[in-house]
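[1] task: produce atomic coordinates for the following.
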Amino acid sequence: REVVEMVKPSHGTTTLGFIFEHGVIIAVDSRATMGSYISSQTVKKVIEINPFLLGTMAGGAADCQFWQRNLGTQCRLYELKNGKRITV
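    The predicted structure follows:
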């Protein structure tokens, strides 16, 4: 209860990321809504940009899919041009 009051969840997508000794953990909710209507409870909102970079989706699915492809392409072009992976 204390944590809920500190975080104050309201609406929208919830995304959490944790760094720990052996890597990272990314967690998101899986619900998609259209106004007050729940259109799906099984949306996959963690997206792979490349084998070393993840993203999370929030907002319009089409926009998210565009940026996923765009970022993946930009990362690959950087790698080809510079001979190393892009840093974040």
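
[2] give me the three-state assignment for Tyr78.
    Here Tyr78 is recorded as helix under DSSP: H, G, I helix; E, B strand; the rest coil.

[3] also Ala62?
    Ala62 - assigned by three-state DSSP - is helix.

[4] any idea how far it lies from Thr15?
    Distance of Ala62 to Thr15, given as C-beta to C-beta, to the nearest Å: 19 Å. The C-beta positions use only the backbone N, C-alpha and C, and glycine is treated the same way.

[5] do Asp63 as well
    16 Å.

[6] comparing those two, which residue is more hemmed in?
    Neighbours were counted for Asp63 and for Thr15 using other C-beta atoms under 10 Å; Thr15 has more, 15 against 11.

[7] once you drop chain neighbours, what's closest to that one?
    Among residues not flanking Thr15 along the chain, Thr56 sits closest, at 4.4 Å (C-beta to C-beta, 6 or more residues apart in numbering).

[8] contacts only, for that neighbour.
    Going by C-beta atoms under 8 Å, 6 or more residues apart in numbering, Thr56 touches 13, 15, 26, 28, 45-47.

[9] let's see that with 7 Å instead.
    15, 26, 28, 45-46 (C-beta atoms under 7 Å, 6 or more residues apart in numbering).

[10] of these, just the buried ones, PyMOL syntax please.
    Applying 16 or more other C-beta atoms under 10 Å to these, the buried members can be selected in PyMOL as follows:
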select buried, resi 28+45
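
[11] now stretch 23-33 - C-alpha only, CSV.
    Extracted in CSV, the C-alpha atoms of stretch 23-33 (Å, rounded to 0.1, in the frame of the first residue of the first chain):
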residue,chain,number,x,y,z
GLY,A,23,21.8,-8.1,-16.6
VAL,A,24,18.5,-6.2,-16.8
ILE,A,25,14.9,-7.0,-16.2
ILE,A,26,12.2,-5.1,-18.2
ALA,A,27,8.5,-5.4,-17.3
VAL,A,28,5.4,-3.8,-18.8
ASP,A,29,1.7,-4.2,-18.5
SER,A,30,0.0,-6.2,-21.2
ARG,A,31,-3.3,-4.4,-21.5
ALA,A,32,-4.5,-2.3,-24.5
THR,A,33,-7.4,0.1,-24.2
